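Chemist: Provided below are the primary sequence and the corresponding predicted coordinates.
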Amino acid sequence: MGLTTILRGFKIPVTLLDRFLETNGIKPTFGYPPIYDCLPLPGSDHPPLDPESAFLRNRLGGDTKTRIFVPNRQGVARSTHAYVAYAYVMVLGQRQIKFAAELPDRPPAEFGELRNEILGFAKEEEQGLLKVAGMQPDEEGEDPASLLFVVVTDDREYPYHGPFMRESDLRCDDCPTVFESWIDLQTHRRDVHGVEFKNVLPDDL
């Protein structure tokens, strides 16, 4: 089915991102998308992060939501660029976006410095990779570390659980119970409240 993500952050050549990761002892991406839909570990409120994103979060410090996204479409070559996001929204079918709350235009502290550090790994013959669309702001005054992008990843599925979904998406409409996953919520609504689960497309998810 694939995954569509709206994100704020910066675009970066895969070669530079991988060189930066390898320099810091982290396995490179090789242009493959990380896996986002891991189930939570026992005793943890959050699913395990891919090592690349976990490293970036530790590097930035604080309660950041930094993740790496790599576009992917079946039948075409791997992307030459990836995205480092500090805020993102994954879309199943249709969703209202609250930009101020979900995709704020102010990045975390040191996020811009992270971008500059990764760009510093560019070799002279790779300068052309830094001139493609999305690498620099189109309008004066825009922060190159907080640009808005839409990324499609065919080889990854929508994760039906937190923290990728809002708590309101996982709360029962008929009682105050909040569930770990959207499928568990639908099963609860069917078994406890008698709501027939017809596999409909959610109105805002």
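Modeler: Perfect, thanks for sending it.
Chemist: which outside residues touch stretch 50-64?
Modeler: Stretch 50-64 has contacts (CB atoms under 8 Å, 6 or more residues apart in numbering) with 21, 24, 26-27, 29, 34-36, 49, 65-68, 84, 86, 108-111, 114. No exception for glycine: its C-beta is placed from N, CA and C like everyone else's.
Chemist: filter those down to the buried ones, ChimeraX style.
Modeler: To isolate the buried subset of these in ChimeraX, counting by 16 or more other CB atoms under 10 Å, use the following:
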select :21,26,29,34,36,49,66,67,68,84,86,108,111,114
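Chemist: now, which of the contacts of stretch 50-64 lie within helices?
Modeler: Counting by DSSP state H, the contacts of stretch 50-64 place 21, 111, 114 in helices.
Chemist: mind listing what's buried in stretch 130-145?
Modeler: Neighbour-count burial for stretch 130-145, with 16+ other CB under 10 Å as criterion, is recorded at 135, 144-145.
Chemist: how about stretch 72-90?
Modeler: Under the neighbour-count criterion of 16+ other CB under 10 Å, stretch 72-90 has 72, 79, 81-90 buried.
Chemist: state the mean pLDDT of that stretch.
Modeler: The average pLDDT within stretch 72-90 is 94.
Chemist: next one: stretch 27-38
Modeler: Taken as a whole, stretch 27-38 has a mean pLDDT of 86.
Chemist: list of residues touching it?
Modeler: Contact partners of stretch 27-38, identified using CB under 8 Å, 6+ apart, comprise 3, 14, 17-19, 21-22, 47-48, 50-53, 67-72, 78-80, 82, 90, 153, 155-161, 164.
Chemist: chain center to it: distance?
Modeler: 11 Å (CA atoms, centre = their mean, to the nearest Å).
Chemist: next one: stretch 53-66
Modeler: The answer for stretch 53-66 is 13 Å, by CA atoms, centre = their mean.
Chemist: give the buried residues for it.
Modeler: Those would be 53, 55-57, 59-60, 64, 66, for stretch 53-66 by 16+ other CB under 10 Å.
Chemist: show me which pair in those residues is furthest apart.
Modeler: Spatially, the most separated pair among the buried residues of stretch 53-66 is Phe55 and Thr64, at 11.8 Å (CB to CB).
Chemist: go ahead and confirm Gly2 touches Gly93.
Modeler: No. Gly2 is beyond contact range of Gly93, at 11.5 Å (criterion: CB atoms under 8 Å).
Chemist: any idea how many residues pack against Glu196?
Modeler: As a burial measure, Glu196 scores 7 neighbours (other CB atoms under 10 Å).
Chemist: that one: which element?
Modeler: Assigned by DSSP states H and E, Glu196 belongs to no helix or strand.
Chemist: with Phe149 instead?
Modeler: Using DSSP H and E, the element containing Phe149 is strand 147-153.
Chemist: and that strand, what does it pack against?
Modeler: strand 3-13 (3 or more CB pairs under 8 Å, 6 or more residues apart in numbering; DSSP states H and E).
Chemist: isn't Arg171 up against Val178?
Modeler: Yes. Here Arg171 lies in contact with Val178, judged by CB under 8 Å, at a distance of 4.8 Å.
Chemist: what's the overlap in contacts for these two?
Modeler: By CB under 8 Å, 6+ apart, no residue touches both Arg171 and Val178.
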